[in-house]
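Novice: Mind folding the following:
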Amino acid sequence: MTALRVVIADDEPLARLRMRRLLGGIAGVTVVGECASGIEVMKLLPDCDCDLLFLDIQMPGADGFQALEHVVERPRAVVFTTAYAEHAVRAFEVQAVDYLLKPVSEERLQRAVERVQRMLTGEAAPIAPPAFPRRLALPIGRRMQMVELDELDCVLAQANYVELRAGPRSFVLRETISGFHAKLDPARFLRIHRSAIVRVDAVREVEPLASGRYRVTLQGGQRLVSGRSYRESLRAALGLAGGDAASAERLHG
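Specialist: Have a look, this model is predicted:
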């Protein structure tokens, strides 16, 4: 297989160490650099002979997407590694070869490397964004209730269960919120808290709070408060980057 010179970009030292260890077990892969921030990525890549960049998204200074935008000579292949599924569509828009959700398994990493090797030898093109279902079949007793995703307002975590709210209806499934989120189209569903997902088009109003969080009101009247670590993804998905007050006013209308 094609030999690969790899750079790992992740702001978590333990994540970089684990990735280096896993890559060390894959034949033909040599790690030639590490970065702990988007700024370091922008500084390293112009002078680094790199075939493949494993790129985290949420990093200090500049996120993974911002780092790529400012790099003139990009690596031959980019694979995103992140804990958040909602960035997948944007990752493929910038021609990522693959998108790995943390914690990355050894088997999944091996497949990503093999995909890059095939692509660089002309045997395969970058993968297309995944197809997501338009409706869900939810078990209700011995029957299956079909629920259109356009009707789903939010998903709330309750330990190892999730509660799905669709207008006046509510369904409870034995599923983790992370596992359920991975089945949803990240262009349409946004995780705003470690225990809450909302359908973007169901958001009626957004109110910035002094704590750096947001109070999100859905079209059915449900009110949720976002988590701090989801602030930037919420701002991007709802178009709040141009100013919270003005954007909130538009959403009110």
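Novice: Now do the strands in the stretch 101-250 of the chain.
Specialist: 135-140, 143-148, 154-158, 161-166, 169-174, 189-193, 196-199, 203-208, 214-218, 223-225 (DSSP state E, counting those that start in this stretch).
Novice: List just the one of these that sits closest to A88.
Specialist: Across the strands of the stretch 101-250 of the chain, A88 has its closest neighbour in strand 189-193 (11.3 Å, C-beta to C-beta). C-beta here means a position set from N, CA and C on the backbone, and glycine is covered the same way.
Novice: Could you tell me which strands the closest one is paired with, and in which direction each runs?
Specialist: Here strand 189-193 is paired, per DSSP bridges, with strand 196-199 (antiparallel).
Novice: Show the average pLDDT along the strand it pairs with.
Specialist: Across strand 196-199, pLDDT averages out at 95.
Novice: Show me how far it is from its chain's centre.
Specialist: 14 Å (C-alpha atoms, centre = their mean, to the nearest Å).
Novice: just use 320 as the starting number from now, easier for me
Specialist: Got it, the first residue is 320 from now on, which makes the last one we talked about strand 515-518.
Novice: Quick check: buried residues in that strand?
Specialist: Across strand 515-518, burial judged by 16 or more other C-beta atoms under 10 Å covers 515-518.
Novice: can you list these in TSV and add distance to F399?
Specialist: As requested, the buried residues of strand 515-518 are exported to TSV (distance: C-beta to C-beta, whole Å):
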residue	distance to F399
A515	23
I516	20
V517	23
R518	24
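Novice: Which of those sits closest to V397?
Specialist: Nearest member of these to V397, counting by C-beta to C-beta, is I516, at 26.5 Å.
Novice: Beta-bridge partners for that closest one, please?
Specialist: Under the criterion used (DSSP bridges), I516 bridges to V474, R510.
Novice: What of the one 10 residues further on?
Specialist: E526 has these beta-bridge partners by DSSP bridges: R534.
Novice: isn't it right up against R532?
Specialist: No - with contacts counted by C-beta atoms under 8 Å, E526 stays clear of R532, the gap being 9.6 Å.
Novice: Which two of the buried residues of strand 515-518 have the greatest separation?
Specialist: A515 and R518 (11.5 Å).
Novice: T400 contacts D375, doesn't it?
Specialist: Yes - under the criterion of C-beta under 8 Å, T400 makes contact with D375 at 5.6 Å.
Novice: so what's in contact with the two at the same time?
Specialist: 329, 334 (C-beta atoms under 8 Å, 6 or more residues apart in numbering).
Novice: re the thing from before, with respect to S497, which of the buried residues of strand 515-518 is nearest?
Specialist: I516 (9.9 Å).
Novice: Extract the residue ranges of the stretch 370-519 of the chain that are flagged as low pLDDT.
Specialist: Scanning the stretch 370-519 of the chain for pLDDT under 70 picks out 442-450.
Novice: mind listing the helices in it by residue range?
Specialist: 383-388, 407-412, 425-439, 496-500 (DSSP state H, counting those that start in this stretch).
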